[in-house]
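# compute the structure for the input listed below.
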Amino acid sequence: MKAVRIFAALLVVAVLAGGAAAQDNYDRLAKELTEAGSSIENKKIAIIPFAHADGRSVSKDGSVISERLTIKMINMRKFEIIERSVLTKVMDELKLQNTGAIDATSAKELGKVLGVEAIITGTLVETASGRIEVNARLIKTETAQAIGAAQVTVEKDWIGDAPTQMPAQQQARPQQVYQPQQAAAPAAPRARHPNEYGFFDVFLGFGAPNMSLEFANSNGNITISNSYTTNNDIGIKVDSFGSGVDFRSVRFDKLATEGFGPLAMRVGGFGKGVFGGDIEFSFESRNIKQQTAAWSLNGLTSGNVTFNSDDYATVKSFGISGDLLIRHPGPRVNPYIGMGFGLSLNTISLPYVKGFTDTSTFGRPVNDMGVGVMLRVPIGLRIRAGNNTQIVTELRYELNSIGFDRGVAGESDRIIISGAKFLIGMGFTF
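Numbering: from 1, shown residues only. Model prediction:
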């Protein structure tokens, strides 16, 4: 069955790839410009006839190419396209040249009169093979800022606009002159999609997650007595245990905590679609509060036990983790949800528990280190506050499962810190 699934997936990819290859260059031009304009709110645009880059005043080539692009974009049903006759009339009234040569002032005037948020314009370049290179740009009329660009080469299959050079048989044979070969011009950088950005966040979290603590020894020699210090391995006093009783497991569940953090920073980004990701570095300190809580011995419920201080167990965690994020892209607000995994390095302080971490003899305190596995589910908002800044708010469920052993043979102890946290911070986009 696994092989069948893999074959089916490959077949789907092949079909999709074949479909993409079947698109002509006008389809590709319309698709790339449409994707670049996803942030346009009123969905009304105008397509200006393209102009030749050599400065020709009249160009049938530009009119034909812009007309074909208009038909493709109308059929995509993503934008309302201004009719050609209306566009020509308005440009004549504004005394604008009916070509792609539109400056910032002209773009703003067209935006106001036509009620469009963006225009598509561009230039044409004849190639040595007789084809035409189309360089198109999507420009916001309010700011004259190019928010997208696309480039294709099309076949010239219409009559008109003679080439800039005479056919070879009509030209005089030029004198052969040696000219040094010039280096090719560097390729223009890829235009970034409006929804595509990277981010760097700094934030602080608040919350009071629960802590579970278990001492487990396969030798069954965890001793508890009626004294806090004498013949007592974990500093829990029980009067009925006399001089000492041994157990293989002592567990405390859902202990209330207090502490600080997480204080964290992360680096990530989103593509032009819905998917993104990040890597996060964090620090958090968490300790058990004074309380009376339930406990179990050898897996059986044994009533309640009282913690008389706030320092019975303190955990400081340094974490590195990554998130896979899914968002809803918007011009100002990007809500998102994700799933994250990571590792933590933890220092564990148990001042009333005995072990071999600090001395060669069995005694207090235990200061141990443990590696943890982190899991979290973040739900948040990225709110645009400026051109390159965002306010970030996030509610997340997080779990950190930490193993340690007190330096005791046969020991397999564990601390689990889990619960909801609220985070707020500042993001810087790039």
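
# all the helices of the stretch 101-250 of the chain, in order from the start?
104-114 (DSSP state H, counting those that start in this stretch).

# pLDDT weak spots in it?
Scanning the stretch 101-250 of the chain for pLDDT under 70 picks out 101, 162-191.

# I236: what's it in contact with?
The neighbours of I236, taking C-beta atoms under 8 Å, 6 or more residues apart in numbering as the test, are 224, 250, 305. To be clear about C-beta, it is placed using only N, CA and C from the backbone, and glycine gets the same treatment.

# do L345 as well
317-319, 369, 371-372.

# which of the residues you listed lies closest to I159?
Distance to I159 across the contacts of L345 (C-beta to C-beta) is lowest for G319, with 68.4 Å.

# wait, that closest one touches E280, no?
Yes: counting by C-beta atoms under 8 Å, G319 touches E280, with 7.4 Å between them.

# shared neighbours, these two?
Both G319 and E280 are contacted by G342, under the criterion C-beta under 8 Å, 6+ apart.

# residues in contact with stretch 82-100: which ones?
44-51, 57, 59, 62, 67, 70, 102, 106, 109-110, 113-114, 116, 121-123.

# PyMOL command for the buried members of those?
Here is the PyMOL command that selects only those of those that count as buried (16 or more other C-beta atoms under 10 Å):
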select buried, resi 44+45+46+47+48+49+50+51+59+62+70+102+106+109+110+114+116+121+122+123
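
# which of the contacts of stretch 82-100 fall in strands?
44-47, 51, 121-123 (DSSP state E).

# closest to S218 out of those residues?
Closest to S218, out of all of the ones in strands among the contacts of stretch 82-100 and judged by C-beta to C-beta, is I45, at 71.9 Å.

# gap between that closest one and E32?
Distance, I45 to E32, by C-beta to C-beta, to the nearest Å: 14 Å.

# ok so, going back, quick one: which of the contacts of L345 is nearest F430?
Proximity of the contacts of L345 to F430 (C-beta to C-beta) peaks at G319, which lies at 24.0 Å.

# ok, the closest one to L423 distance?
For G319, the distance to L423 - C-beta to C-beta - is 13 Å.

# over to G160?
Counting by C-beta to C-beta - G160 and L423 are separated by 62 Å.

# more neighbours: the two, which one.
Comparing G160 with L423 by other C-beta atoms under 10 Å, the one with more neighbours is L423, at 23 against 10.

# and the helix or strand harbouring that one, what other elements does it pack with?
L423 is part of strand 413-429 when elements are defined by DSSP states H and E. Packed against strand 413-429 by the contact rule (3 or more C-beta pairs under 8 Å, 6 or more residues apart in numbering; DSSP states H and E) you find strand 197-206, strand 210-216, strand 257-270, strand 314-327, strand 366-384, strand 389-404.

# just the buried residues of it, please?
413-419, 421, 423, 425, 427, 429.

# any idea how far the closest residue to I415 other than its chain neighbours is from D310?
Nearest residue to I415, sequence neighbours excluded (C-beta to C-beta, 6 or more residues apart in numbering): I402, at 4.6 Å. Distance from I402 to D310, counting by C-beta to C-beta: 19 Å.

# which of those two has more residues huddled nearby?
I402 (23 against 14).

# K43 touches F79, doesn't it?
Yes: checked against C-beta under 8 Å, the pair K43 and F79 is within contact range at 5.2 Å.

# looking at these two, which is more packed in?
F79 (23 against 14).

# how near is the more buried one to L29?
F79 is 14 Å from L29, by C-beta to C-beta.

# ditto for K272
17 Å.

# between the two, which has more neighbouring residues?
Neighbours per residue (other C-beta under 10 Å) separate K272 from L29, with L29 holding more: 24 against 15.

# count the neighbours of Q145 for me.
12.

# chain neighbours aside, what residue packs nearest to it?
For Q145, the spatially nearest residue (C-beta to C-beta, 6+ apart) is I139, at 6.9 Å.

# beta-bridge partners for the one you found, please?
I119, A146 (DSSP bridges).

# so what's the residue count around it?
24.

# how close does it sit to Y336?
30 Å.

# pull the CA atoms of the helix or strand containing L345 into CSV?
Here L345, judged by DSSP H and E, is contained in strand 333-350. C-alpha atoms of strand 333-350 as CSV (Å, rounded to 0.1, in the frame of the first residue of the first chain):
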residue,chain,number,x,y,z
VAL,A,333,-3.1,41.3,10.4
ASN,A,334,-1.7,37.8,10.0
PRO,A,335,-3.4,35.2,12.3
TYR,A,336,-1.5,31.9,12.5
ILE,A,337,-1.4,28.5,14.1
GLY,A,338,1.4,26.0,14.3
MET,A,339,3.1,23.0,15.7
GLY,A,340,6.6,23.1,17.3
PHE,A,341,9.2,20.6,18.6
GLY,A,342,12.6,21.2,20.3
LEU,A,343,15.1,20.3,22.9
SER,A,344,15.9,21.9,26.3
LEU,A,345,18.9,21.9,28.6
ASN,A,346,17.8,22.1,32.2
THR,A,347,19.3,22.7,35.6
ILE,A,348,17.4,21.1,38.4
SER,A,349,17.8,22.2,42.0
LEU,A,350,16.4,20.0,44.8
